[in-house]
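A.B. asks: let me see the structure of the following:
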Amino acid sequence: MPATLTKGIEELKEERNKLVKQMRDFVETAREEKRNLTAEEQETFDKYKVDIHELDSEIRNEETLLQIEQRSKELDNKYDPANTDNLDPTEDPENRSQPGRQVPPQNLPKSGKGENRASEEYRSAMEDFLRNGDGMSDENRSILAKEIRSQNLGTQAKGGYLSPTDFDKGLIEIIREVDIFRSLCTVRSYSHDREVPVEDDYGEAFWTDEEANYTESDMDFSQLTMTAHKLTTLTTLTEEFVADEEIGIIPILMERFGWRFGDKEEAAFVSGDGVGKPTGWLNGATGKNGAVAALVNNTIDFEDIFKLKHGVRLPFRKNGTYICNDDTTLALRLLKDGNGRFMWIDSVQAGNPDRLNGSPVRITDHMADIGANNTSVAFGDFKHYEIADRGKTFIQRLDELFAGNGRIGYRAFRRVDGKLKRAEAICLLTHPA
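C.D. replies: Presented below is the predicted three-dimensional model:
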């Protein structure tokens, strides 16, 4: 990470914190003098709010740019034809879980299914297809067709091919940067629809005398069906760009598809209705006693944050995270507890989230603003939301559709589902009408 940019981010954070302190001083002075803010103070206060919001955006942009630049260097190295050191010919994403709540990977099947996609030969064949379409070599066409047959994809593969294994790995890395829930939730890979058991009641243990009979206590289970919803995207590149062999097509498509897929699935994991998309946790979360009602409809009080955190039982609270949108964070940064201490603590280490009331805070654009009847903040242990990936990414090249504009189209799809397994694990803060 370049030192100059890192220093710039720290300076931006320092400037933001100074503005927050000045805003707090305005409020505290007026409170001590038992008066409202003067017109001039209010004007300055409102200006600082806007300035802080702009600083927050600039800080996030700088941090995102640093991540992209670092990843670009890694991709340039990975897709350098002369460099095969970073390719792993044994790893298949179908048999591993994505980070979040890790699940041990399974061994690759002995049949060799999926091994072809992990090879440098397959990746080179896919690059040939993406660049030359039907003009690719017969040898590469045979390599790609062999994988389609091994996966039993039939007619659904007509005109397109499964992405190379390292494309899938890189795509998931990008999606994880965009979609915060892939690092918070449990992520598994399934090859077909799966009935997932959900513990509704763990049962209980009993104190028992020596040689006395055991008391039976069964666990109660319900089931969730994890299916697969199709997420699609389409992009175009100019003919001149595709013809330039100095530029790899695979990393370009990986970047575009990753950001699009990540943003769309994050929205569904929050509030999806389950119709043609995953079911978001907003549509099932109850906490231990239902949603917490905010004191007022147009702001957040420190009591709201305490009540929200205690809206889930202790086992879920220990690993809990606050979720809200970017505008809501501004209100949360200004909160103080009953002892006059700020509840928001900025992270001092890159990559670690800021903390509110002792717990991490993550930001998504897909939560509602503070306002009447809105749910503005959530808190809970999000590992009890399960994300189910199905199969690989499928890519098709479109030669004729955009030919009149001198462009070549590329469309892709992947399949995913998501459902909340424990409604009590997440509590919501809702504002009155």
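A.B. asks: so where do the strands sit in the stretch 201-350 of the chain?
C.D. replies: Under the criterion DSSP state E, counting those that start in this stretch, the stretch 201-350 of the chain contains strands at 220-226, 229-238, 292-293, 321-324, 344-345.
A.B. asks: can you tell which of those is closest to Phe394?
C.D. replies: With Cβ to Cβ as the criterion, Phe394 lies closest to strand 229-238 of those, at 9.5 Å. Backbone N, C-alpha and C define where each C-beta goes, glycine included.
A.B. asks: who's in contact with that closest one?
C.D. replies: 249, 252-253, 256-257, 260-261, 264-265, 268, 276-278, 398, 402, 405-417 (Cβ atoms under 8 Å, 6 or more residues apart in numbering).
A.B. asks: pick the most buried one from the strands of the stretch 201-350 of the chain.
C.D. replies: strand 321-324 (a mean of 24; mean count of other Cβ atoms under 10 Å).
A.B. asks: so what strands line up beside it?
C.D. replies: strand 359-363 (parallel), strand 375-380 (antiparallel) (DSSP bridges).
A.B. asks: hmm, who's touching it?
C.D. replies: 184, 305, 308, 332, 353, 356-357, 359-364, 367, 376-382.
A.B. asks: hang on, isn't Ser204 packed against Glu216?
C.D. replies: Careful, residue 204 is Glu; it's not Ser. No: counting by Cβ atoms under 8 Å, Glu204 does not reach Glu216; the two are 10.6 Å apart.
A.B. asks: would CSV of the strands paired with strand 321-324 with mean pLDDT and mean neighbour count be doable?
C.D. replies: Shown next, in CSV, are these (pLDDT from 0 to 100; neighbours: other Cβ atoms under 10 Å):
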stretch, mean pLDDT, mean neighbour count
strand 359-363, 96, 18
strand 375-380, 97, 27
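A.B. asks: so for Tyr190, which of the ones you listed sits nearest?
C.D. replies: strand 375-380 (24.3 Å).
A.B. asks: put the alpha carbons of the helix or strand following the closest one into CSV.
C.D. replies: For strand 375-380, the following helix or strand on the C-terminal side (DSSP states H and E) is strand 385-398. Taking Å, rounded to 0.1, in the frame of the first residue of the first chain, the C-alpha atoms of strand 385-398 are listed here in CSV:
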residue,chain,number,x,y,z
TYR,A,385,-27.7,-16.5,7.6
GLU,A,386,-26.6,-19.1,5.0
ILE,A,387,-25.5,-18.3,1.5
ALA,A,388,-25.6,-21.2,-0.9
ASP,A,389,-23.5,-21.1,-4.1
ARG,A,390,-24.5,-23.5,-6.9
GLY,A,391,-22.0,-24.6,-9.5
LYS,A,392,-19.6,-22.4,-11.5
THR,A,393,-19.8,-19.2,-13.5
PHE,A,394,-21.0,-19.7,-17.1
ILE,A,395,-19.7,-17.3,-19.8
GLN,A,396,-21.0,-16.8,-23.3
ARG,A,397,-19.6,-14.6,-26.1
LEU,A,398,-22.1,-12.8,-28.3
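A.B. asks: give me the below-cutoff pLDDT ranges for the stretch 151-300 of the chain.
C.D. replies: Across the stretch 151-300 of the chain, the ranges flagged by pLDDT under 70 are 151-160, 199-202, 218-221.
A.B. asks: list the contacts for Glu139?
C.D. replies: Ala125.
A.B. asks: switch the cut-off to 7 Å
C.D. replies: Going by Cβ atoms under 7 Å, 6 or more residues apart in numbering, Glu139 touches no other residue.
A.B. asks: can you redo the strands of the stretch 201-350 of the chain as CSV with distance to Gly170?
C.D. replies: Formatted as CSV, the strands of the stretch 201-350 of the chain follow (distance: least, Cβ to Cβ, whole Å):
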stretch, distance to Gly170
strand 220-226, 25
strand 229-238, 16
strand 292-293, 40
strand 321-324, 26
strand 344-345, 34
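A.B. asks: Glu14 is nearest to which of the ones you listed?
C.D. replies: Closest among the strands of the stretch 201-350 of the chain, using Cβ to Cβ: strand 344-345, at 14.9 Å.
A.B. asks: the closest one pairs with which strands?
C.D. replies: According to DSSP bridges, strand 344-345 has the following sheet partners: strand 355-356 (antiparallel).
A.B. asks: now the strand it pairs with: mean pLDDT?
C.D. replies: In this model, strand 355-356 has an average pLDDT of 95.
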